[in-house]
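Asks: please work out how this folds:
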Amino acid sequence: MTGSPASSWRPCSEYAKYKGYDVTKAADLSGFADQGGISAYAVKPMQWAVAQELIFGVGGNALAPKAAATRAQLAAVLHRFCEAFA
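Replies: Okay, here's the model as predicted:
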């Protein structure tokens, strides 16, 4: 990937809003050890992605909000999105 690192939640969240899907469902992120590292603008989309079971974390009770997503992670999230909304 070139440019800025991709996050795994952003493509799904932005597309869902664009398509007019209900993006108000929100998960409690307090169970993730690094939830405090989620940028303020990303909290609601991340809550939605976790609530929709698009993202489960990276292991070790973490979301890794500052890490770039791998191709495999992006593919898994997009696959889950398509299964849930297509």
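
Asks: show me where pLDDT drops low in this structure?
Replies: 1-9 (pLDDT under 70).

Asks: helices along that one, start to end?
Replies: Using DSSP state H, the helices found in the chain span residues 10-19, 43-51, 71-85.

Asks: on contacts alone, who are the packing partners of the second one?
Replies: To tie it back to what came earlier, the one meant is helix 43-51. helix 10-19 (3 or more Cβ pairs under 8 Å, 6 or more residues apart in numbering; DSSP states H and E). Bear in mind the C-beta positions are built from the backbone N, C-alpha and C, glycine included.

Asks: got the contact list for the helix it packs on?
Replies: Here helix 10-19 makes contact (Cβ atoms under 8 Å, 6 or more residues apart in numbering) with 23, 42, 45, 48-49, 52, 54, 74, 77-78, 81, 85.

Asks: please render these as CSV that adds neighbour count and distance to Lys66 to the earlier fields.
Replies: Below are the contacts of helix 10-19 laid out as CSV (neighbours: other Cβ atoms under 10 Å; distance: Cβ to Cβ, whole Å):
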residue, neighbour count, distance to Lys66
Val23, 19, 23
Ala42, 16, 10
Pro45, 20, 15
Trp48, 23, 19
Ala49, 28, 16
Gln52, 23, 22
Leu54, 22, 19
Leu74, 19, 16
Val77, 22, 17
Leu78, 15, 21
Phe81, 19, 22
Phe85, 13, 27
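
Asks: pull the most distant pair out of those residues.
Replies: Ala42 and Phe85 (20.2 Å; Cβ to Cβ).

Asks: just name the most buried of the helices of the chain.
Replies: Among the helices of the chain, helix 43-51 has the highest mean neighbour count (mean count of other Cβ atoms under 10 Å), at a mean of 20.

Asks: what angle do that helix and helix 71-85 make?
Replies: 80 degrees (axes from the mean of the first three to the mean of the last three Cα atoms, to 10 degrees).

Asks: on that earlier part again, in a markdown table, list the helices of the chain along with distance to Gly31.
Replies: Supplementary listing: the helices of the chain in a markdown table, determined by distance: least, Cβ to Cβ, whole Å:
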| stretch | distance to Gly31 |
| --- | --- |
| helix 10-19 | 20 |
| helix 43-51 | 10 |
| helix 71-85 | 19 |
